[in-house]
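Engineer: This is a predicted model, with the sequence first.
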Amino acid sequence: MISDMSQLMYNSFCMGEAELDSVIHRIKQKVERGERLSFQDGITLYRSGDLIGLGRLADLVRVRLNGDLAFYNVNRHINYTNVCVIDCQLCQGAYARKPGEDGGYAMTLDQVFAFAEQKTNDSVTEFHIVGGLNPALPFQYYLDLLVGLKLRFPTVHLKAFTMVELDFFSKITRQPLEWVIDKLKDAGMGSCPGGGAEIFAKRVRPLIAGHKISGERWLECARVLHGKGIRSNATMLYGHLETIEERVDHLIQLRELQDDTGGFNCLIPLAFHPENTVLGNLQATTGTDDLRTIAVSRLILDNFQHIKAYWVTITPALAQVALRFGADDLDGTIIEERIIHGAGSPTSPGLTRNQIEQLIRDAGCTPVERDTLYNPVARSSDNLEVQSPTSAGMTGLAS
(Lines give C-alpha, C1' and ligand atoms only; values in the text may rest on other atoms or scores of the structure.)
Protein backbone atom coordinates (compact mmCIF):
# COMPACT_ATOMS: atom_id res chain seq x y z
CA MET A 1 0.00 0.00 0.00
CA ILE A 2 1.45 3.36 -1.02
CA SER A 3 1.48 5.90 1.82
CA ASP A 4 2.62 9.02 -0.07
CA MET A 5 1.14 8.70 -3.55
CA SER A 6 1.53 12.38 -4.44
CA GLN A 7 5.29 12.37 -3.84
CA LEU A 8 5.72 9.22 -5.92
CA MET A 9 3.68 10.76 -8.75
CA TYR A 10 5.90 13.87 -8.64
CA ASN A 11 9.09 11.80 -8.72
CA SER A 12 7.89 9.76 -11.70
CA PHE A 13 7.01 12.85 -13.76
CA CYS A 14 10.32 14.57 -12.98
CA MET A 15 12.46 11.65 -14.21
CA GLY A 16 14.47 12.67 -17.30
CA GLU A 17 14.62 10.66 -20.52
CA ALA A 18 18.26 9.63 -20.10
CA GLU A 19 17.61 8.51 -16.54
CA LEU A 20 14.54 6.62 -17.75
CA ASP A 21 16.64 4.63 -20.23
CA SER A 22 19.15 3.68 -17.54
CA VAL A 23 16.38 2.67 -15.15
CA ILE A 24 14.75 0.47 -17.82
CA HIS A 25 18.09 -1.31 -18.20
CA ARG A 26 18.27 -1.80 -14.44
CA ILE A 27 14.72 -3.19 -14.38
CA LYS A 28 15.64 -5.57 -17.20
CA GLN A 29 18.52 -6.88 -15.09
CA LYS A 30 16.18 -7.37 -12.12
CA VAL A 31 13.72 -9.29 -14.29
CA GLU A 32 16.48 -11.50 -15.69
CA ARG A 33 17.63 -12.28 -12.14
CA GLY A 34 14.07 -13.04 -11.05
CA GLU A 35 14.01 -10.19 -8.51
CA ARG A 36 10.79 -8.56 -7.33
CA LEU A 37 9.93 -5.22 -8.92
CA SER A 38 8.98 -2.19 -6.83
CA PHE A 39 6.12 0.27 -7.13
CA GLN A 40 8.47 2.78 -8.76
CA ASP A 41 9.62 0.11 -11.23
CA GLY A 42 6.01 -0.34 -12.27
CA ILE A 43 5.59 3.40 -12.87
CA THR A 44 8.78 3.48 -14.91
CA LEU A 45 7.65 0.57 -17.06
CA TYR A 46 4.31 2.27 -17.71
CA ARG A 47 6.11 5.47 -18.77
CA SER A 48 8.60 3.74 -21.02
CA GLY A 49 8.28 4.61 -24.69
CA ASP A 50 9.71 1.23 -25.67
CA LEU A 51 6.53 -0.82 -25.93
CA ILE A 52 8.26 -3.66 -27.77
CA GLY A 53 11.04 -3.81 -25.19
CA LEU A 54 8.43 -3.90 -22.43
CA GLY A 55 6.67 -6.73 -24.23
CA ARG A 56 9.91 -8.70 -24.51
CA LEU A 57 10.52 -8.37 -20.78
CA ALA A 58 7.00 -9.58 -19.99
CA ASP A 59 7.34 -12.40 -22.50
CA LEU A 60 10.52 -13.53 -20.77
CA VAL A 61 8.56 -13.97 -17.53
CA ARG A 62 5.66 -15.66 -19.34
CA VAL A 63 7.99 -18.25 -20.86
CA ARG A 64 9.76 -18.74 -17.54
CA LEU A 65 6.45 -19.55 -15.82
CA ASN A 66 4.48 -21.33 -18.54
CA GLY A 67 6.76 -22.19 -21.44
CA ASP A 68 5.06 -21.80 -24.82
CA LEU A 69 1.69 -22.91 -23.42
CA ALA A 70 -1.38 -20.70 -23.73
CA PHE A 71 -4.54 -21.68 -21.90
CA TYR A 72 -8.28 -21.43 -22.46
CA ASN A 73 -11.40 -23.15 -21.20
CA VAL A 74 -14.84 -24.06 -22.50
CA ASN A 75 -17.21 -22.11 -20.32
CA ARG A 76 -20.63 -20.49 -20.27
CA HIS A 77 -21.72 -17.33 -18.47
CA ILE A 78 -24.94 -17.24 -16.46
CA ASN A 79 -26.02 -13.71 -15.46
CA TYR A 80 -29.01 -14.62 -13.31
CA THR A 81 -30.23 -11.06 -12.61
CA ASN A 82 -29.40 -7.53 -13.67
CA VAL A 83 -31.31 -5.89 -10.80
CA CYS A 84 -28.88 -4.21 -8.44
CA VAL A 85 -29.28 -1.89 -5.46
CA ILE A 86 -25.81 -0.38 -5.95
CA ASP A 87 -25.70 2.92 -7.78
CA CYS A 88 -22.59 1.97 -9.75
CA GLN A 89 -21.46 4.24 -12.56
CA LEU A 90 -19.81 1.33 -14.35
CA CYS A 91 -22.95 -0.59 -15.27
CA GLN A 92 -26.12 1.30 -14.27
CA GLY A 93 -27.94 2.02 -17.51
CA ALA A 94 -25.58 -0.18 -19.50
CA TYR A 95 -26.53 -3.52 -17.98
CA ALA A 96 -27.78 -3.14 -14.41
CA ARG A 97 -31.21 -1.84 -13.47
CA LYS A 98 -32.43 -0.55 -10.13
CA PRO A 99 -35.29 -2.42 -8.42
CA GLY A 100 -38.52 -1.63 -10.26
CA GLU A 101 -36.77 -0.05 -13.25
CA ASP A 102 -37.76 -1.05 -16.79
CA GLY A 103 -35.49 -3.66 -18.30
CA GLY A 104 -34.73 -5.40 -15.03
CA TYR A 105 -34.94 -9.16 -14.85
CA ALA A 106 -34.37 -11.99 -12.41
CA MET A 107 -34.35 -15.55 -13.67
CA THR A 108 -36.39 -18.11 -11.80
CA LEU A 109 -34.47 -21.24 -10.92
CA ASP A 110 -36.25 -23.14 -13.68
CA GLN A 111 -35.21 -20.44 -16.14
CA VAL A 112 -31.60 -20.69 -14.98
CA PHE A 113 -31.60 -24.45 -15.42
CA ALA A 114 -33.30 -24.22 -18.82
CA PHE A 115 -30.81 -21.57 -19.95
CA ALA A 116 -27.90 -23.74 -18.82
CA GLU A 117 -29.28 -26.78 -20.62
CA GLN A 118 -29.90 -24.81 -23.78
CA LYS A 119 -26.39 -23.37 -23.91
CA THR A 120 -24.46 -26.38 -22.67
CA ASN A 121 -23.06 -29.54 -24.22
CA ASP A 122 -20.68 -32.20 -23.01
CA SER A 123 -17.62 -30.04 -23.74
CA VAL A 124 -18.40 -27.35 -21.14
CA THR A 125 -16.26 -27.54 -17.99
CA GLU A 126 -17.29 -24.30 -16.23
CA PHE A 127 -20.29 -22.13 -15.45
CA HIS A 128 -19.33 -18.54 -14.66
CA ILE A 129 -22.18 -17.26 -12.47
CA VAL A 130 -22.55 -13.59 -11.51
CA GLY A 131 -25.37 -11.08 -11.15
CA GLY A 132 -26.56 -7.88 -9.55
CA LEU A 133 -27.32 -7.39 -5.86
CA ASN A 134 -31.05 -8.05 -6.04
CA PRO A 135 -32.89 -7.46 -2.74
CA ALA A 136 -35.85 -9.55 -3.91
CA LEU A 137 -33.81 -12.77 -4.00
CA PRO A 138 -33.37 -14.64 -0.70
CA PHE A 139 -30.11 -16.38 0.14
CA GLN A 140 -31.80 -19.75 -0.35
CA TYR A 141 -32.18 -18.87 -4.04
CA TYR A 142 -28.41 -18.93 -4.49
CA LEU A 143 -28.02 -22.20 -2.61
CA ASP A 144 -30.79 -23.81 -4.66
CA LEU A 145 -29.24 -22.46 -7.86
CA LEU A 146 -25.92 -24.13 -7.08
CA VAL A 147 -27.49 -27.40 -5.94
CA GLY A 148 -29.72 -27.54 -9.00
CA LEU A 149 -26.90 -26.90 -11.44
CA LYS A 150 -24.65 -29.44 -9.75
CA LEU A 151 -27.42 -32.03 -9.84
CA ARG A 152 -27.96 -31.49 -13.57
CA PHE A 153 -24.29 -30.96 -14.52
CA PRO A 154 -22.22 -32.89 -11.98
CA THR A 155 -18.94 -32.57 -13.91
CA VAL A 156 -19.18 -28.81 -14.53
CA HIS A 157 -17.22 -26.55 -12.18
CA LEU A 158 -19.30 -23.75 -10.64
CA LYS A 159 -17.29 -20.53 -10.52
CA ALA A 160 -19.82 -18.35 -8.81
CA PHE A 161 -20.24 -14.97 -7.09
CA THR A 162 -17.76 -12.12 -6.76
CA MET A 163 -16.46 -10.70 -3.48
CA VAL A 164 -19.16 -8.02 -3.83
CA GLU A 165 -21.87 -10.67 -3.96
CA LEU A 166 -20.39 -12.61 -1.04
CA ASP A 167 -20.43 -9.44 1.06
CA PHE A 168 -24.06 -8.82 0.02
CA PHE A 169 -25.05 -12.35 1.08
CA SER A 170 -23.47 -11.71 4.47
CA LYS A 171 -25.54 -8.55 4.83
CA ILE A 172 -28.90 -10.05 3.81
CA THR A 173 -28.43 -13.12 6.01
CA ARG A 174 -26.88 -11.13 8.89
CA GLN A 175 -24.36 -13.92 9.17
CA PRO A 176 -20.54 -13.84 9.16
CA LEU A 177 -18.83 -14.16 5.81
CA GLU A 178 -17.34 -17.48 6.90
CA TRP A 179 -20.83 -18.93 7.41
CA VAL A 180 -21.94 -17.70 3.98
CA ILE A 181 -18.92 -19.25 2.25
CA ASP A 182 -19.42 -22.58 4.05
CA LYS A 183 -23.05 -22.74 2.91
CA LEU A 184 -22.16 -21.91 -0.70
CA LYS A 185 -19.30 -24.39 -0.73
CA ASP A 186 -21.56 -27.16 0.59
CA ALA A 187 -24.07 -26.30 -2.16
CA GLY A 188 -21.48 -26.75 -4.90
CA MET A 189 -19.53 -23.50 -5.34
CA GLY A 190 -16.06 -24.50 -6.54
CA SER A 191 -14.34 -21.13 -6.89
CA CYS A 192 -15.12 -17.43 -7.30
CA PRO A 193 -14.60 -14.98 -10.16
CA GLY A 194 -12.55 -11.84 -9.65
CA GLY A 195 -15.03 -9.13 -10.55
CA GLY A 196 -15.80 -6.10 -8.41
CA ALA A 197 -12.18 -5.29 -7.60
CA GLU A 198 -12.23 -2.39 -10.11
CA ILE A 199 -9.48 -0.08 -8.71
CA PHE A 200 -8.75 -0.15 -4.99
CA ALA A 201 -7.67 3.51 -4.72
CA LYS A 202 -9.81 5.49 -2.26
CA ARG A 203 -9.69 8.59 -4.46
CA VAL A 204 -11.24 7.09 -7.56
CA ARG A 205 -13.34 4.18 -6.32
CA PRO A 206 -16.28 6.33 -5.14
CA LEU A 207 -16.27 8.07 -8.52
CA ILE A 208 -16.73 4.88 -10.52
CA ALA A 209 -18.30 2.33 -8.19
CA GLY A 210 -20.83 4.29 -6.17
CA HIS A 211 -21.76 2.37 -3.04
CA LYS A 212 -19.90 -0.81 -3.94
CA ILE A 213 -17.76 -2.31 -1.18
CA SER A 214 -14.40 -0.65 -0.54
CA GLY A 215 -11.15 -1.98 -1.89
CA GLU A 216 -10.19 -3.00 1.65
CA ARG A 217 -13.39 -5.01 2.02
CA TRP A 218 -12.85 -6.71 -1.35
CA LEU A 219 -9.41 -7.82 -0.24
CA GLU A 220 -10.75 -8.90 3.15
CA CYS A 221 -13.43 -11.05 1.49
CA ALA A 222 -10.82 -12.64 -0.78
CA ARG A 223 -8.60 -13.36 2.23
CA VAL A 224 -11.45 -15.10 4.08
CA LEU A 225 -12.42 -17.05 0.95
CA HIS A 226 -8.88 -18.28 0.39
CA GLY A 227 -8.64 -19.21 4.06
CA LYS A 228 -11.61 -21.51 3.47
CA GLY A 229 -9.66 -23.32 0.76
CA ILE A 230 -11.55 -21.76 -2.16
CA ARG A 231 -9.57 -20.14 -4.94
CA SER A 232 -10.57 -17.07 -6.91
CA ASN A 233 -9.49 -14.85 -9.74
CA ALA A 234 -8.54 -11.18 -9.45
CA THR A 235 -9.28 -8.28 -11.77
CA MET A 236 -8.21 -4.71 -12.42
CA LEU A 237 -10.51 -2.36 -14.31
CA TYR A 238 -8.47 0.29 -16.11
CA GLY A 239 -9.05 3.09 -18.59
CA HIS A 240 -11.54 5.24 -16.66
CA LEU A 241 -10.62 7.89 -14.07
CA GLU A 242 -7.65 6.18 -12.47
CA THR A 243 -3.99 7.20 -12.72
CA ILE A 244 -1.06 4.99 -13.65
CA GLU A 245 0.07 5.20 -10.03
CA GLU A 246 -3.30 3.88 -8.88
CA ARG A 247 -3.07 0.98 -11.32
CA VAL A 248 0.32 -0.06 -10.00
CA ASP A 249 -0.84 0.36 -6.40
CA HIS A 250 -3.76 -1.96 -7.19
CA LEU A 251 -1.36 -4.60 -8.53
CA ILE A 252 0.91 -4.28 -5.49
CA GLN A 253 -2.02 -4.81 -3.12
CA LEU A 254 -3.03 -7.94 -5.00
CA ARG A 255 0.56 -9.18 -4.88
CA GLU A 256 0.71 -8.64 -1.12
CA LEU A 257 -2.46 -10.66 -0.55
CA GLN A 258 -1.20 -13.41 -2.85
CA ASP A 259 1.97 -13.55 -0.74
CA ASP A 260 -0.23 -14.27 2.27
CA THR A 261 -2.84 -16.67 0.82
CA GLY A 262 -1.67 -18.00 -2.55
CA GLY A 263 -5.36 -18.23 -3.43
CA PHE A 264 -5.53 -16.33 -6.73
CA ASN A 265 -5.57 -18.36 -9.93
CA CYS A 266 -4.89 -15.44 -12.24
CA LEU A 267 -5.28 -11.73 -12.93
CA ILE A 268 -7.67 -10.46 -15.60
CA PRO A 269 -6.95 -6.85 -16.63
CA LEU A 270 -10.30 -5.46 -17.80
CA ALA A 271 -10.36 -2.59 -20.27
CA PHE A 272 -13.19 -0.22 -19.43
CA HIS A 273 -15.87 0.30 -22.09
CA PRO A 274 -17.55 3.66 -21.40
CA GLU A 275 -19.91 3.79 -24.38
CA ASN A 276 -23.21 3.01 -22.66
CA THR A 277 -22.33 4.11 -19.13
CA VAL A 278 -22.66 7.43 -17.32
CA LEU A 279 -18.95 7.88 -18.09
CA GLY A 280 -19.67 7.81 -21.81
CA ASN A 281 -17.67 11.00 -22.38
CA LEU A 282 -14.43 9.07 -21.79
CA GLN A 283 -12.39 7.56 -24.58
CA ALA A 284 -11.96 3.80 -24.76
CA THR A 285 -8.52 2.37 -24.07
CA THR A 286 -6.01 2.16 -26.92
CA GLY A 287 -4.30 -1.02 -28.06
CA THR A 288 -0.95 0.18 -26.74
CA ASP A 289 -2.46 0.89 -23.31
CA ASP A 290 -4.01 -2.59 -23.26
CA LEU A 291 -0.72 -4.28 -24.14
CA ARG A 292 1.24 -2.10 -21.73
CA THR A 293 -1.15 -2.92 -18.88
CA ILE A 294 -0.95 -6.65 -19.53
CA ALA A 295 2.85 -6.51 -19.71
CA VAL A 296 3.25 -4.47 -16.51
CA SER A 297 0.81 -6.77 -14.72
CA ARG A 298 2.90 -9.79 -15.72
CA LEU A 299 6.09 -8.15 -14.48
CA ILE A 300 4.72 -6.85 -11.16
CA LEU A 301 2.71 -9.96 -10.22
CA ASP A 302 5.60 -12.35 -9.81
CA ASN A 303 3.50 -14.62 -7.56
CA PHE A 304 0.61 -15.00 -10.04
CA GLN A 305 1.05 -17.99 -12.32
CA HIS A 306 -1.33 -16.70 -14.98
CA ILE A 307 -2.31 -13.41 -16.65
CA LYS A 308 -5.34 -13.36 -18.95
CA ALA A 309 -5.84 -11.41 -22.15
CA TYR A 310 -9.61 -11.12 -21.94
CA TRP A 311 -10.69 -11.10 -25.55
CA VAL A 312 -14.16 -9.82 -24.67
CA THR A 313 -12.80 -6.39 -23.69
CA ILE A 314 -9.78 -6.00 -26.02
CA THR A 315 -10.92 -8.04 -29.08
CA PRO A 316 -9.63 -11.48 -30.09
CA ALA A 317 -7.01 -9.98 -32.43
CA LEU A 318 -5.35 -7.86 -29.74
CA ALA A 319 -5.65 -10.67 -27.19
CA GLN A 320 -3.67 -12.80 -29.61
CA VAL A 321 -0.90 -10.19 -29.71
CA ALA A 322 -0.99 -10.02 -25.90
CA LEU A 323 0.20 -13.63 -25.78
CA ARG A 324 3.61 -12.11 -26.61
CA PHE A 325 3.22 -9.34 -24.02
CA GLY A 326 3.01 -11.49 -20.90
CA ALA A 327 -0.45 -13.06 -21.15
CA ASP A 328 -0.74 -16.84 -21.20
CA ASP A 329 -4.53 -17.28 -21.18
CA LEU A 330 -7.33 -16.16 -23.52
CA ASP A 331 -10.13 -16.98 -21.04
CA GLY A 332 -12.84 -19.10 -22.65
CA THR A 333 -15.59 -19.63 -25.17
CA ILE A 334 -18.00 -17.73 -22.85
CA ILE A 335 -21.29 -17.46 -24.85
CA GLU A 336 -23.90 -14.95 -23.63
CA GLU A 337 -21.73 -12.58 -21.58
CA ARG A 338 -24.01 -9.60 -20.89
CA ILE A 339 -22.35 -7.16 -18.51
CA ILE A 340 -19.37 -5.96 -20.55
CA HIS A 341 -21.28 -6.22 -23.81
CA GLY A 342 -24.01 -4.12 -22.23
CA ALA A 343 -21.43 -1.43 -21.50
CA GLY A 344 -20.49 -1.31 -25.17
CA SER A 345 -17.95 -4.01 -26.01
CA PRO A 346 -18.24 -4.67 -29.78
CA THR A 347 -16.90 -8.22 -29.66
CA SER A 348 -18.95 -11.30 -30.48
CA PRO A 349 -20.82 -13.03 -27.63
CA GLY A 350 -18.64 -16.12 -27.87
CA LEU A 351 -15.88 -18.04 -29.63
CA THR A 352 -15.54 -21.72 -30.51
CA ARG A 353 -12.77 -24.01 -29.29
CA ASN A 354 -11.35 -24.11 -32.81
CA GLN A 355 -11.31 -20.31 -33.10
CA ILE A 356 -9.47 -19.91 -29.79
CA GLU A 357 -6.95 -22.63 -30.60
CA GLN A 358 -6.25 -21.05 -33.99
CA LEU A 359 -5.60 -17.68 -32.35
CA ILE A 360 -3.12 -19.34 -29.99
CA ARG A 361 -1.31 -21.33 -32.69
CA ASP A 362 -1.00 -18.31 -34.95
CA ALA A 363 0.70 -16.49 -32.07
CA GLY A 364 3.32 -19.23 -31.93
CA CYS A 365 2.03 -20.84 -28.74
CA THR A 366 0.68 -24.28 -27.91
CA PRO A 367 -3.02 -24.29 -26.94
CA VAL A 368 -3.95 -26.10 -23.73
CA GLU A 369 -7.58 -26.53 -22.79
CA ARG A 370 -7.85 -26.27 -19.00
CA ASP A 371 -10.46 -26.50 -16.32
CA THR A 372 -11.13 -23.60 -13.94
CA LEU A 373 -8.18 -24.53 -11.69
CA TYR A 374 -5.75 -24.88 -14.61
CA ASN A 375 -5.73 -28.65 -14.79
CA PRO A 376 -5.33 -29.69 -18.46
CA VAL A 377 -8.38 -31.23 -20.14
CA ALA A 378 -7.81 -34.16 -22.50
CA ARG A 379 -10.53 -34.94 -25.03
CA SER A 380 -11.30 -37.87 -27.24
CA SER A 381 -14.25 -38.58 -29.49
CA ASP A 382 -16.28 -40.08 -26.67
CA ASN A 383 -15.03 -38.71 -23.37
CA LEU A 384 -13.44 -35.83 -21.48
CA GLU A 385 -10.71 -36.28 -18.88
CA VAL A 386 -9.30 -33.67 -16.51
CA GLN A 387 -5.63 -34.40 -15.94
CA SER A 388 -3.35 -33.39 -13.12
CA PRO A 389 -0.51 -31.04 -14.10
CA THR A 390 1.99 -33.85 -13.38
CA SER A 391 0.31 -36.43 -15.61
CA ALA A 392 0.13 -33.86 -18.40
CA GLY A 393 3.87 -33.19 -18.17
CA MET A 394 3.34 -29.67 -16.80
CA THR A 395 4.98 -29.87 -13.38
CA GLY A 396 5.95 -26.37 -12.31
CA LEU A 397 4.01 -24.76 -15.13
CA ALA A 398 0.53 -24.66 -13.66
CA SER A 399 -0.87 -23.77 -10.27
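Structural biologist: Looks like it came in fine.

Engineer: Show the contacting residues for the residue most central in space within the chain.
Structural biologist: Nearest residue to the geometric centre of the chain (CA atoms, centre = their mean): Ile268, 3.2 Å. Ile268 makes contacts with 194, 233-236, 308, 310, 331, as judged by CB atoms under 8 Å, 6 or more residues apart in numbering. Where you see a C-beta, it was placed from the backbone N, CA and C, and this is true even at glycine.

Engineer: now do Gly34
Structural biologist: Contacts here follow CB under 8 Å, 6+ apart; on that basis Gly34 touches 64, 302.

Engineer: cutoff 10 Å now
Structural biologist: Counting by CB atoms under 10 Å, 6 or more residues apart in numbering, Gly34 makes contact with 61, 64, 302.

Engineer: Counting neighbours, which of the residues you listed end up buried?
Structural biologist: Among the contacts of Gly34, those scoring as buried are 61, 302 (criterion: 16 or more other CB atoms under 10 Å).

Engineer: between the contacts of Gly34, which is nearest Leu177?
Structural biologist: Of all the contacts of Gly34, Asp302 has the smallest distance to Leu177: 28.6 Å, by CB to CB.

Engineer: Show the backbone phi and psi for that closest one.
Structural biologist: Asp302 adopts backbone torsions of phi -70, psi -10, taken as degrees, to the nearest 10.

Engineer: Look at it and report its pLDDT.
Structural biologist: pLDDT for Asp302: 98.

Engineer: repeat for Gln387
Structural biologist: Listed pLDDT for Gln387 reads 57.

Engineer: And Thr395, by the same measure?
Structural biologist: 35.

Engineer: what residue ranges in the stretch 251-399 of the chain are flagged as low confidence?
Structural biologist: Scanning the stretch 251-399 of the chain with the threshold set as pLDDT under 70 gives 335-349, 380-399.

Engineer: Just the strands from it, written as ranges.
Structural biologist: Taking DSSP state E, counting those that start in this stretch as the test, the strands found in the stretch 251-399 of the chain are 264-271, 306-307, 329-332, 366-369, 377-379, 384-386.

Engineer: likewise the stretch 101-250 of the chain?
Structural biologist: Going by DSSP E, counting those that start in this stretch, the stretch 101-250 of the chain shows strands at 126-130, 157-160, 232-238.

Engineer: can I get the ones you listed in TSV with mean neighbour count, distance to Gly326 and mean pLDDT?
Structural biologist: Shown next, in TSV, are the strands of the stretch 101-250 of the chain (neighbours: other CB atoms under 10 Å; distance: least, CB to CB, whole Å; pLDDT from 0 to 100):
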stretch	mean neighbour count	distance to Gly326	mean pLDDT
strand 126-130	23	23	96
strand 157-160	24	23	98
strand 232-238	24	14	98
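
Engineer: Let's have those strands in JSON lines, adding distance to Lys183.
Structural biologist: Formatted as JSON lines, the strands of the stretch 101-250 of the chain follow (distance: least, CB to CB, whole Å):
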{"stretch": "strand 126-130", "distance to Lys183": "15"}
{"stretch": "strand 157-160", "distance to Lys183": "12"}
{"stretch": "strand 232-238", "distance to Lys183": "17"}
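
Engineer: Can you say which of those strands is nearest to Leu184?
Structural biologist: Of those, nearest to Leu184 by CB to CB is strand 157-160, at 7.3 Å.

Engineer: Counting by contacts, list what the closest one packs against.
Structural biologist: Secondary-structure packing of strand 157-160 (3 or more CB pairs under 10 Å, 6 or more residues apart in numbering; DSSP states H and E): strand 75-79, strand 126-130, helix 139-152, helix 177-187.

Engineer: Compute the inter-axis angle for the third one and strand 126-130.
Structural biologist: Yep, that's helix 139-152 we're talking about. 170 degrees (axes from the mean of the first three to the mean of the last three CA atoms, to 10 degrees).

Engineer: buried ones in helix 139-152?
Structural biologist: So, applying 16+ other CB under 10 Å, buried residues of helix 139-152: 139, 141-143, 145-146, 148-150.

Engineer: Same question for stretch 295-308.
Structural biologist: Buried residues in stretch 295-308, counting neighbours by 16+ other CB under 10 Å, are found at 295-302, 304-308.

Engineer: again with stretch 35-44
Structural biologist: Residues of stretch 35-44 classed as buried: 37, 39-44 (neighbour count, 16+ other CB under 10 Å).

Engineer: again with stretch 276-292
Structural biologist: So, applying 16+ other CB under 10 Å, buried residues of stretch 276-292: 276-279, 284-285, 289-292.

Engineer: Now the terminal residues of it, how far apart.
Structural biologist: Stretch 276-292 stretches 25 Å from its first residue to its last (CA to CA, to the nearest Å).

Engineer: Work out the gap between it and the centre of the chain.
Structural biologist: A distance of 17 Å separates the centroid of the chain from that of stretch 276-292, by CA atoms, centre = their mean, to the nearest Å.

Engineer: now do stretch 154-171
Structural biologist: The gap between the average C-alpha position of stretch 154-171 and the chain average comes to 14 Å, counting by CA atoms, centre = their mean.

Engineer: got the end-to-end distance for that stretch?
Structural biologist: Taking CA to CA, stretch 154-171 runs 30 Å from one end to the other.

Engineer: picking up where we left off before, just list whatever residues bridge to the residue nearest to the residue nearest to the centre of the chain when sequence neighbours are not counted.
Structural biologist: Leaving aside its sequence neighbours, Ile268 sits nearest to Lys308 (CB to CB, 6 or more residues apart in numbering; 4.4 Å). Lys308 has these beta-bridge partners by DSSP bridges: Asp329.

Engineer: Lys308 contacts Ile294, doesn't it?
Structural biologist: Yes. Contact criterion CB atoms under 10 Å: Lys308 and Ile294 qualify, at 8.6 Å.

Engineer: which neighbours do those two share?
Structural biologist: Each of 267-269, 319, 322, 327 lies in contact with both Lys308 and Ile294 under the rule CB under 10 Å, 6+ apart.

Engineer: Understood, closing this out.
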